[in-house]
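K.L.:
I need the structure of the sequence given here:
(2 chains)
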Number of protein chains: 2
Amino acid sequence: MSILIKNVLLDNKRVDIFIENNKFAKIDKHIDDIQADKTIDGNNKVILPGFYNLHCHAGMNLLRGYCEDLPLFSWLQKIWQKEATLTAEDIYNGTRLAILEMIKSGTVFFADMYWFHKEIVRAVEEMGIRADVGVCFMDRLSEKERDENFEFISDFAKQKHTRITVSPAPHAIYTCSKELYKECYKSAMDNGVFLQTHLAETETEYNDCIKNNNLTPVEYLDSMGVLNDRTIAAHSVYFTEKDAELFASKQSVAVHNPCSNMKLSSGIFNMPMMKQKGVRVALGTDGCSSNNNLSMIEEMKFATLLSKVGYMKADALTAQEIYNIATFEGATAYNINAGKIEEGRLADCILVDLNNERMTPNYNTVFNMVYSADSSCIDTLICDGRVLMENHHVENEEDIIEIARRYAKK
Amino acid sequence: MSILIKNVLLDNKRVDIFIENNKFAKIDKHIDDIQADKTIDGNNKVILPGFYNLHCHAGMNLLRGYCEDLPLFSWLQKIWQKEATLTAEDIYNGTRLAILEMIKSGTVFFADMYWFHKEIVRAVEEMGIRADVGVCFMDRLSEKERDENFEFISDFAKQKHTRITVSPAPHAIYTCSKELYKECYKSAMDNGVFLQTHLAETETEYNDCIKNNNLTPVEYLDSMGVLNDRTIAAHSVYFTEKDAELFASKQSVAVHNPCSNMKLSSGIFNMPMMKQKGVRVALGTDGCSSNNNLSMIEEMKFATLLSKVGYMKADALTAQEIYNIATFEGATAYNINAGKIEEGRLADCILVDLNNERMTPNYNTVFNMVYSADSSCIDTLICDGRVLMENHHVENEEDIIEIARRYAKK
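P.N.:
Just a heads-up that it's a prediction; the model follows:
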C-alpha cells in the first residue's frame, strides 16, 4: 500500500509526501514521478504527527457519564459495581468505541490498562491503531490467572506485531505486592516490553506508603528495582524533588493526566519541577469515567492551562512543550520511531482542516492545535501507513456507535 | 416564520415542538394538526437550550494565536500593538468569525466588550445571534468620543431591538475614574440596559485598589453606588467573603472565565464561596487572545474541573450546576426569557447529535455535554426562532473564514 499526499502544509511549506508500506518514504516540494495506490489532496490542510495517549482504560467508554459528581468513595463503589458486570464482549465493544473516538480526535496510539486484554488486542488489531495493551495484575488474581497472563505476554511478544505490544501492568502499590511488581518487571524485561502502573496518584496513596514503608511511592518502587526507561507511571502527582531526580536518573516516564487528576480532585502534577529535573513526561487521557472523553487535544489545553494557574506562571508549560509531549515524547517513550513528519519515520499522521473556524486565522498551527482546536478540525488520520479516517469519517462508525448504544439500553 | 421539530428528545421523552415567531408555542407528544414553514427531523437528536456567553471580546478572533506563552507584560505589549492596527472593517470581520465559531459550538448569546461597537452591532444583526454589545469607556477617551458613545447607547435603546442591547462598559477600575463609572451607571439605568465591567481579575488589581482606596475592588465599586442586578462583572477572581455577601445582596452577576484566568495565571474563581453566599454566577469565554476559542462546552468542563481540583472536592461544582449557569442563569442575568425549553419562552435552542461518538452512550445528556462533548456534537442551532445552523453548517461560513484568513496574511 502506498499513499501520495499532494500540496500539504508541513512547517509552513507546501510539499508532497509519499508513504510506502508503513513509512514516510519521501518528502519533497514536488513528487511527480511516483504512482501511488492512493492520492490525497492536501490543499488547505496541514500535516502533523498524530497523538500518543500514554494512559487509558479504553473499555470504560461504555460507562461514560454513568454516574458523576459524587464524593470519591460513593462514585468508585457505583463504578466498580457496574464494571463487575462487563463481559468480554462488552469490553471489546467499549474498546472499539474508544478507538473510534481516539481516531476522530487525532490519536494514533494508546497505552491501555484493563481486564479482558485479549478482547482489547482484537479491537486494536481490527481498527488499525497502535497500542500497548497492558495486562492487569493485582494480588487478588489467582495463581492460574497470573500464569496465564504472563504466558499471554510472552506468547504475544514472539509475534513481533508491528502495531501492538502487550505489557504487564501491575495496577498500583496498594493492590500489588513487591513480589508481584518484581515478577511483572521480569516479564517486561524478558519480553522486551514495558511496565505500566498507576503511581503516586493521590495524597492518601502517598501518605499510606510513607506510613507503611517509610518511603515515598517512587522510592518504594525503586527499592524493588523495577524503575527503568521502560517504566510508564500514570498520574505521578505526588512526587518530591528527590522522587523527580530519581525518575530522571532512571529515565522512567511520568504520564500526566490532567483531566482525571482535576475531576477526581487528586491534585496538580508538578510540571515545572518535572521540567527542571529533566523527567521524561508523556500525556494521557485516563479512562472515560474520569475524563469523560479521550481527546488528546483537550488534554493538551488542560495540561498547559493547569500548569499556568497551578504555578501562577504564564509560561509554566508552553504550547510547543505540551505539543511535543503529546506527540514525539509519547512515541519515544514507547520506542516508536514516529511523532515527527520526517523521511524514514513510521507514517503516523493527521491532516488538519485549515477551513475550520477554530484554525482561523493560522498564525501558528501548534498554538491553534493546543489552545483552540477540537475534534472537528481533524480531517484525515493515517496510522502505520494506512488511512483510518478521511473527511472526518471512520468506516463503520455508525455500527460501533449503535452497538455501544444498545449496551447502555440493556 | 414557524418551525416544527418532530420526534426530538426533551428530558428523555420524545416530543414534537412547534416554534412560532420567536417563541416555543407548543410542546406535545404529537403535533399533527399544525402546518409549519419548516419541518426538522429530530430523530436521534436531543433538544437543549443554547449557551449564553457572558464575557467576550469577539473582534479579537482575528488575533487567535498571534503570540503566546510570553510573560504577561511582553504578551500584552505585543497584543496591544497589534490591536491598535485593527480597523473598523477588521473588527466587523473578526466579530463575524467569532459569531460563526459561537454558533458552531452552540452559543446563542454573547456579552461583548470591544472597540468599534457599531461594527459589532452590524455583525450581530446580520448573523442572527443575540448580544449585549458593550460600548467601551476609559478615562483616555476624549469628551467627544464619550458623548458619542452615550448618545449611541440611548439612541439604540429606543429601537427596542429584539435580539440586541447596547450597554456601557467601563473597562476596569484601573482605567476608569469614579466619575466615569457613575456616568456609565446613569446611562445604563436611564436606558434600561446593563453595565459591563472587568472586576477583581488579578492580584495586582486587588492589591492596588486596597493601597489606593483602602477598599477591595468590589467595595470600591459599591462605594460609587453602581452595583445592582444589572452589573455584569467579568472575572471576579479576587473576592473576599464580605465582597461575595455584598454582591449577593446587590444581585450583581459575577462572570466566571476559567480558561482565561488559567491561561493568564490570574487565579482561581472561588466557586464554593460564591455558591455558599448565593452570588449570581454566569459563565464566559473571554476573548480569543486569552482562551483561544469561544466554546462554552469547553468552558463548562474547565469550570467544573478547576473547581474540583482548586478546592479539592469532587463535588465542588457539579455538571448540572455549571450547565444551568451556562444556559438558564446566563439568560436570566440579561433578563432574556430563555435558557429552558418551555412553552412561552424565547426559541433559543440547539439540537445535539446522539449519533456522535462523544454522546455515546447517553446515560445522562447533561453529563455528556459538560464532560465529553465538543462542537462536533452540535447539529442545529435556533436563535430567536430562526435556524442559524443545520447539519453543523452555517450559511456562508466559507466566506467568513476566507476573509479572516486574508486579514492574517496581510
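K.L.:
three-state assignment of the closest residue to chain B within the stretch 101-250 of chain A?
P.N.:
Nearest residue of the stretch 101-250 of chain A to chain B: A:Glu101, at 4.6 Å (Cβ to the nearest Cβ). The C-beta positions use only the backbone N, C-alpha and C, and glycine is treated the same way. At A:Glu101 the chain is in helix, as set by DSSP: H, G, I helix; E, B strand; the rest coil.
K.L.:
pretty sure it contacts A:Leu294?
P.N.:
Yes - under the criterion of Cβ atoms under 8 Å, A:Glu101 makes contact with A:Leu294 at 5.0 Å.
K.L.:
Pull the contacting residues for the closest residue to A:Lys13 other than its chain neighbours.
P.N.:
Computed as Cβ to Cβ, 6 or more residues apart in numbering or on different chains, the closest residue to A:Lys13 that is not its neighbour in sequence is A:Lys29, at 7.8 Å. By Cβ atoms under 8 Å, 6 or more residues apart in numbering or on different chains, the contact set of A:Lys29 is A:13-16.
K.L.:
coming back round to it: next up, the contacts around the residue of the stretch 101-250 of chain A closest to chain B.
P.N.:
Applying Cβ under 8 Å, 6+ apart, the residues near A:Glu101 are A:61, A:293-295, B:357-358.
K.L.:
how about the strands in the stretch 1-150 of chain A?
P.N.:
A:2-10, A:13-20, A:23-28, A:38-41, A:45-48, A:51-56, A:107-114, A:130-137 (DSSP state E, counting those that start in this stretch).
K.L.:
closest to B:Ala303 out of those strands?
P.N.:
Among the strands of the stretch 1-150 of chain A, strand A:51-56 comes nearest to B:Ala303, with 24.2 Å by Cβ to Cβ.
K.L.:
Check which helices and strands that closest one sits against.
P.N.:
Where contact means 3 or more Cβ pairs under 8 Å, 6 or more residues apart in numbering or on different chains; DSSP states H and E, strand A:51-56 is packed against strand A:107-114, strand A:231-235, strand A:253-256, strand A:280-283, helix A:296-310, helix A:330-333.
K.L.:
buried stuff in the second one?
P.N.:
Taking 16 or more other Cβ atoms under 10 Å in any protein chain shown as the neighbour-count basis, strand A:231-235 is seen to contain the buried residues A:231-235.
K.L.:
Export those residues as CSV, with columns for distance to chain B and pLDDT.
P.N.:
Conversion of the buried residues of strand A:231-235 to CSV gives the following (distance: Cβ to the nearest Cβ, whole Å; pLDDT from 0 to 100):
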residue, distance to chain B, pLDDT
A:Thr231, 26, 98
A:Ile232, 23, 98
A:Ala233, 20, 98
A:Ala234, 17, 98
A:His235, 13, 98
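K.L.:
in the stretch 251-400 of chain A, what residue is nearest chain B?
P.N.:
For the stretch 251-400 of chain A, Cβ to the nearest Cβ, closest residue to chain B: A:Pro361, 3.2 Å.
K.L.:
and the nearest residue to that residue once chain neighbours are set aside, how many neighbours?
P.N.:
Taking Cβ to Cβ, 6+ apart as the measure, A:Pro361 lies nearest to B:Ala408, with 3.2 Å between them; neighbours along the chain are not counted. Other residues near B:Ala408 come to 15 when the count uses other Cβ atoms under 10 Å in any protein chain shown.
K.L.:
just to revisit the earlier point, want to throw the contacts of A:Lys29 into CSV with distance to B:Tyr185, pLDDT and neighbour count?
P.N.:
Below are the contacts of A:Lys29 laid out as CSV (distance: Cβ to Cβ, whole Å; pLDDT from 0 to 100; neighbours: other Cβ atoms under 10 Å in any protein chain shown):
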residue, distance to B:Tyr185, pLDDT, neighbour count
A:Lys13, 55, 97, 9
A:Arg14, 55, 98, 13
A:Val15, 58, 98, 20
A:Asp16, 62, 98, 20
